[in-house]
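Student: Quick one: sequence and predicted model below, then my questions.
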Amino acid sequence: MVLPFINGSRRGRHLVVAALLVFTVFWLGYQTPLSTNRDDDLFDLHKDPPKSPTAHHDSDSPKPDNSHEQPTPPTSTNQAADNDIVSPDFEPPVVVVVSSATPTPTPTPIPAPFPTPTPGAKCVGFEALQQARPGPPSEGRRQFPYVRPPPECRTFSLPSMEALIKRMKDVIRDPDLFRLFENSYPNTLDTMVKWRGFAKNKNETSGEETATDEELAYIITGDIDAMWLRDSASQVYSYLPLLEASKEPDSLASLWRGLINSHSRYIIISPYCHSFQPPPESGISPTHNWAFHQNKPKPPYNPHLVFDCKWELDSVASFLQVSAAYHTRTGDLDFFGKYSWVDAVQAAVDASAAMRVGTYDKEGRVLPSAWAFTGWTNRGSETLTNNGLGNPVRENGMVRSAFRPSDDACIFQLLTPSNMMFAAYLEQASVIMQGLAEGDANPKAANLTVEMRKLAKTIRLGVALDAVVSHRDFGDIFAYEVDGYGGANLMDDANVPSLLAMPLWNYTAPAKPGSRMVQSWLTPRSNVTMARGNSTVARSNSTALEAKTTTADGDVETQHDYAKIYQNTRKFVLSMANPYYAKGPVLSAVGGPHLGPGKGWPMAAIVAALTAFEDLAGFSSLTERDAAVAEQLGAVLNSTDGMGVVHEAVDAWNEGDWSRSWFGWANGLFGELIVRIAEDEKVRGVEGTEESLLGRSWQD
């Protein structure tokens, strides 16, 4: 039929060409969805494509990760040009990133390799291990499998962890609860310390590389092979009870230093980014992020070094958090002056300070933003409105955060919990900076100490002015997000920092750096502050606690009773007045828009239990507090779908509908909760008894 037209008139040939073009356009339009997913599944831009399309799980079979199907996005040639990348299939970079340390690390002698176990041929990936469901199962009704890799296959060996697990065997009487603890707490050490090594310096003239003694660590999140600043910091932070000062290369202190050094490098490279590739020294190929060509952050980033780039204020706050904790626990001030930590803090302070600027100047002109982001997506939470600027913000001293800890876009960019966390750890880390200044360890340190404290003060002022709002049912509460104009988003999200988690970084008591400490009964020491206050034995009269920090306006903060406001906020967050509180027979816990309504996050249940130990939570008796902790502990225990590890999110009405079988952050946090309960019960003298949380049966 077509051939006569081809051999015929010019008009016939034109008609054929036009018909082919129309067909091609419609065919391409069908192949590349613009606003809908033909499988009716939302997709998550920071996750890899799923290994299986299964969205629900049978408790009698192995459980693959149920991440969402993802459509193929169009290629943006502008994005490729901006980032000097033409193809998404790239090779590992040959250029070694050099830390901008002051002074330069000593190039000799070349350090010996780390003694981290090297998995052999018989070692399998953690997800394959889960699918095998190795035994024996726990002796309780849930029959949780034992999913720790064999010792020779673990990625980091820590004797104190093994001693702790052995001790807890006699403390936790319920076999299912103990199995969940022994699977979960060491999960990051067992499976996610993907590489440890030393930084190299490169002579840009000769190209010669020189080994240094700067420790580095690459810690993945679990089923996503990349290093999030927030996640990796939180994963390691849960091991704070076991942290001791040590120069040994196989120590937890060495891993902690490697993490801080890697964070420092990453923040210097791209202070507005949140997720990074393995260090070039590791020899590990960068992970391809298929969303690279559909996202357009400004400034752009290099995908050889950065996995994904969203400005999340909690990322740099987490860097300061692990820094302050390491210093408080070990007293190792010299470490922070040796490499690039000071430069990284400067980069973080400069980047965040630049994001205090509002949308308009005093005359009404639109101001440029230091960072902007647009993305091609079918999810509103994956891009920013107003051509990448986000919704308008009025400057009030707080720092704008484009995205939340969940990696979802903010509605109002003055994100209260992230600002609170950042202010608290600016103050705590400034103690380190002050020590470096007093010791003349770095010429930047004195001025930077002042900058850190001033920035924290402006944040506190903004929170006091705009983030406390009146709720018709709960009284004064903290808003999750505000815009400085009076707009407020009343909700909470499961991901930390959250409003619920506020006591964990001691925002109301800035004079106590490093307060989130657990005194290890493995290595008792009287000079270490116990975890999150001292409420384990007797409660002090702190329910009327008010912040004492003086701000630029005098004492604006002291006009607020932050303890009462937090208690009101806690009641709001843990109720159905919070639009993202998922209530159901499986678990009742805070969720969030990342996985949608009705999906509770076990992480939020753990945070609710952890914060219950703080005076700020306002429980009137230990009995009331223990009942609240027991409710959250039971929710986590009953929401694993028989997997014996903590998931990301679980349908509140369907235990078999969950996401992420390999998620280090939540598992470490669960272990931290168990350690916190054990320490409390030891101090109270009820450890192992039937009236204790860890001594009772959880089989009902």
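Tutor: Arrived safely.

Student: can we go C-alpha only for contacts and neighbour counts from here?
Tutor: Fine.

Student: What is the helix or strand harbouring Leu255 packed up against?
Tutor: Leu255 belongs to helix 252-269 when assigned by DSSP states H and E. Using 3 or more Cα pairs under 8 Å, 6 or more residues apart in numbering; DSSP states H and E, the elements in contact with helix 252-269 are strand 209-219, helix 229-237, helix 313-330, helix 341-354.

Student: Compute the distance between Glu614 and Ala429, please.
Tutor: 22 Å (Cα to Cα, to the nearest Å).

Student: between those two, who's got more neighbours?
Tutor: Ala429 (27 against 22; other Cα atoms under 10 Å).

Student: where's that one, which helix or strand?
Tutor: helix 416-438.

Student: Could you list the buried residues of that helix?
Tutor: Residues of helix 416-438 classed as buried by neighbour count (16 or more other Cα atoms under 10 Å): 416-437.

Student: list the helices and strands the next helix or strand after it packs on?
Tutor: Next along the chain after helix 416-438, taking DSSP H and E as the criterion, comes helix 445-462. Identification of packing neighbours for helix 445-462 by 3+ Cα pairs under 8 Å, 6+ apart yields helix 341-354, helix 416-438.

Student: Figure out how far helix 445-462 is from the centre of its chain.
Tutor: Distance of helix 445-462 from its chain centroid, counting by Cα atoms, centre = their mean, to the nearest Å, is 24 Å.

Student: which residues sit against that helix?
Tutor: Helix 445-462 is contacted from outside by 342, 346, 349, 353, 396-399, 419-420, 422-424, 426-427, 430-431, 433-434, 436-438, 551-553, 556-557, using Cα atoms under 8 Å, 6 or more residues apart in numbering.

Student: ok, now stretch 178-190?
Tutor: Contacts of stretch 178-190 (Cα under 8 Å, 6+ apart): 138, 144-149, 153-158, 161, 165, 168-169, 172, 219, 222, 235-236, 637, 644-646, 664-665, 667-672, 674.

Student: What of stretch 220-240?
Tutor: By Cα under 8 Å, 6+ apart, stretch 220-240 touches 47-48, 188, 191-194, 218-219, 256, 259, 263, 274-278, 287, 307, 314-316, 318-319, 321-322, 325, 405, 517-518, 660-665, 668-669, 671-672.

Student: tally of neighbours for Val236?
Tutor: Residues near Val236, counting by other Cα under 10 Å: 22.

Student: again, but for the one 5 residues further on
Tutor: Using other Cα under 10 Å, Pro241 has 23 neighbouring residues.

Student: Could you do Arg696 as well?
Tutor: 14.

Student: shouldn't it be in contact with Gly634?
Tutor: No: counting by Cα atoms under 8 Å, Arg696 does not reach Gly634; the two are 11.7 Å apart.

Student: List the contacts of Leu587.
Tutor: Here Leu587 is in contact with Gly600, Ala635, Val636, Asn638, Ser639, Ala652, Trp653 (Cα under 8 Å, 6+ apart).

Student: The residues you listed: which two are farthest apart?
Tutor: Val636 and Trp653 (13.8 Å; Cα to Cα).

Student: Please report phi then psi for Trp665.
Tutor: phi -60, psi -50 (degrees, to the nearest 10).

Student: Next, count neighbours for it.
Tutor: Trp665, neighbours per other Cα under 10 Å, totals 27.

Student: excluding its backbone neighbours, what's nearest it?
Tutor: Gln235 (4.9 Å; Cα to Cα, 6 or more residues apart in numbering).

Student: who does Phe373 bridge with?
Tutor: Pro297 (DSSP bridges).

Student: Please tell me I have it right and it contacts Ser381.
Tutor: No: with contact defined as Cα under 8 Å, Phe373 and Ser381 do not form a contacting pair (11.8 Å).

Student: Settle it for me: which of those two has more neighbours?
Tutor: Taking neighbours as other Cα under 10 Å, Phe373 and Ser381 compare with Phe373 leading, 25 against 20.

Student: Which pLDDT value goes with that one?
Tutor: We have a pLDDT of 93 for Phe373.

Student: List the contacts of it.
Tutor: Counted by Cα under 8 Å, 6+ apart, Phe373 has contacts Asn295, Lys296, Pro297, Lys298, Lys310, Thr383, Leu384, Asn387, Gly388, Leu389.

Student: And it, how far from Phe613?
Tutor: 39 Å.

Student: just to revisit the earlier point, can I have the buried ones of the contacts of Phe373 as a PyMOL selection?
Tutor: The PyMOL selection below is limited to those of those classed as buried (16+ other Cα under 10 Å):
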select buried, resi 295+296+297+298+310+383+384+388+389
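
Student: ranges for the helices of the stretch 551-700 of the chain?
Tutor: 562-573, 602-611, 622-637, 664-684 (DSSP state H, counting those that start in this stretch).

Student: report the angle between the axes of the second one and helix 562-573?
Tutor: Same thing as helix 602-611. Orientation of helix 602-611 against helix 562-573 (axes from the mean of the first three to the mean of the last three Cα atoms, to 10 degrees) gives an angle of 150 degrees.

Student: Report all helices and strands that helix 602-611 contacts.
Tutor: Helix 602-611 packs on strand 589-590, helix 622-637, helix 664-684, going by 3+ Cα pairs under 8 Å, 6+ apart.

Student: Mean confidence (pLDDT) on that helix, please.
Tutor: 98.

Student: Return the distance of that helix from the chain's centre.
Tutor: 15 Å.

Student: Then the longest one?
Tutor: Relative to the centre of its chain, helix 664-684 is centred 19 Å away, using Cα atoms, centre = their mean.

Student: how much does that helix deviate in direction from strand 209-219?
Tutor: 70 degrees.

Student: pull the CA atoms of stretch 167-180 into PDB?
Tutor: Output of stretch 167-180 as PDB, limited to C-alpha atoms (Å, rounded to 0.1, in the frame of the first residue of the first chain):
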ATOM      1  CA  ARG A 167      25.500 -10.300  77.800                       C
ATOM      2  CA  MET A 168      22.000  -9.400  76.500                       C
ATOM      3  CA  LYS A 169      21.200 -13.100  76.000                       C
ATOM      4  CA  ASP A 170      20.800 -13.300  79.800                       C
ATOM      5  CA  VAL A 171      19.000  -9.900  80.000                       C
ATOM      6  CA  ILE A 172      16.400 -10.300  77.300                       C
ATOM      7  CA  ARG A 173      14.200 -13.300  78.300                       C
ATOM      8  CA  ASP A 174      11.900 -13.300  75.300                       C
ATOM      9  CA  PRO A 175      13.500 -15.300  72.400                       C
ATOM     10  CA  ASP A 176      11.900 -13.300  69.600                       C
ATOM     11  CA  LEU A 177      12.900 -10.000  71.100                       C
ATOM     12  CA  PHE A 178      16.400 -11.200  71.600                       C
ATOM     13  CA  ARG A 179      16.600 -12.500  68.100                       C
ATOM     14  CA  LEU A 180      15.400  -9.100  66.700                       C
END
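
Student: Okay then, goodbye and thanks.
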